[in-house]
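Q: with the input below, show me the fold.
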Amino acid sequence: MDRHVPAVSRTCNFHLRALRLIRPALTLEMASSIASSLVHSRLDYANAVLFRISNKNLNKLQHIQNSLARTVLQEFSRPAELLLHDLHWLPIRKRIDFKIACVTYNVVSYRQPVYLSTLLTAVLGGRMLRSTNQQLLKIPFCSTTFGSRAFSVAAPKIWNNIPLDIRNCPSLSSFKSRLKTHFFSN
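A: The predicted model follows:
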């Protein structure tokens with residue numbers, strides 16, 4: 001990831017500089033839309049592989065998002081966390097968790113995609129316990145940091161930390177909406 005993150009950063013900074021030049025001529029909605037389509041799309045592309053990357057690389061990506069929020073809102077004095085909240089944008093780490101959780105929802109609810117459904121195992125108990133109806137996933141043992149970044153380990157960790165009422169949502173759209181609200185409140 002030490003080569004991937006700087007490459008993404010260069011591309012995002014190119015578009016961020018271009019947005020800064022035209023920002024005074026745009027409305028807030030237009031600037032936010034352009035920011036999402038040009039920069040956030042690059043930050044979000046395959047971001048599930050960024051789970052538990054080094055803080056150094058994560059901070060580079062977060063710095064880009066903070067600069068993007070400042071550019072869109074044209075505010076340079078307030079803390080970036082407040083600007084992200086005003087724009088209703090999740091920070092990078094939570095965006096990564098959000099993406100993994102959405103893919104996991106599809107796997108748990110619809111068994112799609114099939115190649116990922118074989119990697120996840122539901123927790124099944126021999127006895128009737130309160131945890132039986134929790135829709136928890138088994139977290140496989142992993143002794144290495146690199147191995148703990150695999151989907152088969154990361155997805156159950158994130159999934160099991162989501163409240164049950166969100167995990168039981170009837171549709172993906174309601175799951176996404178409630179999960180985003182949950183991530184903003186934490």
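Q: which of the helices and strands in the protein ranks last by mean pLDDT?
A: Sorting the helices and strands of the chain by mean pLDDT, DSSP states H and E puts helix 114-117 at the bottom, at a mean of 86.
Q: same for that helix, what does it pack against?
A: For helix 114-117, the contact count by 3 or more C-beta pairs under 8 Å, 6 or more residues apart in numbering; DSSP states H and E identifies helix 92-110 as packing neighbours. Bear in mind the C-beta positions are built from the backbone N, C-alpha and C, glycine included.
Q: using CSV, write down the CA coordinates of the helix it packs on.
A: Listed next in CSV are the C-alpha coordinates belonging to helix 92-110 (Å, rounded to 0.1, in the frame of the first residue of the first chain):
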residue,chain,number,x,y,z
ILE,A,92,-11.9,7.5,5.6
ARG,A,93,-11.6,4.7,8.3
LYS,A,94,-15.3,4.6,8.7
ARG,A,95,-15.8,4.7,4.9
ILE,A,96,-13.7,1.5,4.7
ASP,A,97,-15.7,-0.2,7.4
PHE,A,98,-18.9,1.0,5.8
LYS,A,99,-17.9,-0.6,2.4
ILE,A,100,-17.0,-3.9,4.1
ALA,A,101,-20.2,-3.9,6.1
CYS,A,102,-22.3,-3.4,2.9
VAL,A,103,-20.6,-6.2,1.1
THR,A,104,-21.0,-8.4,4.2
TYR,A,105,-24.7,-7.5,4.3
ASN,A,106,-25.1,-8.8,0.7
VAL,A,107,-23.2,-11.9,1.5
VAL,A,108,-25.3,-12.6,4.7
SER,A,109,-28.6,-11.7,3.3
TYR,A,110,-28.4,-12.9,-0.3
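Q: average model confidence for it?
A: Along helix 92-110, the predicted local confidence has a mean pLDDT of 94.
Q: try stretch 28-37
A: In this model, stretch 28-37 carries a mean pLDDT of 95.
Q: all set, thanks.
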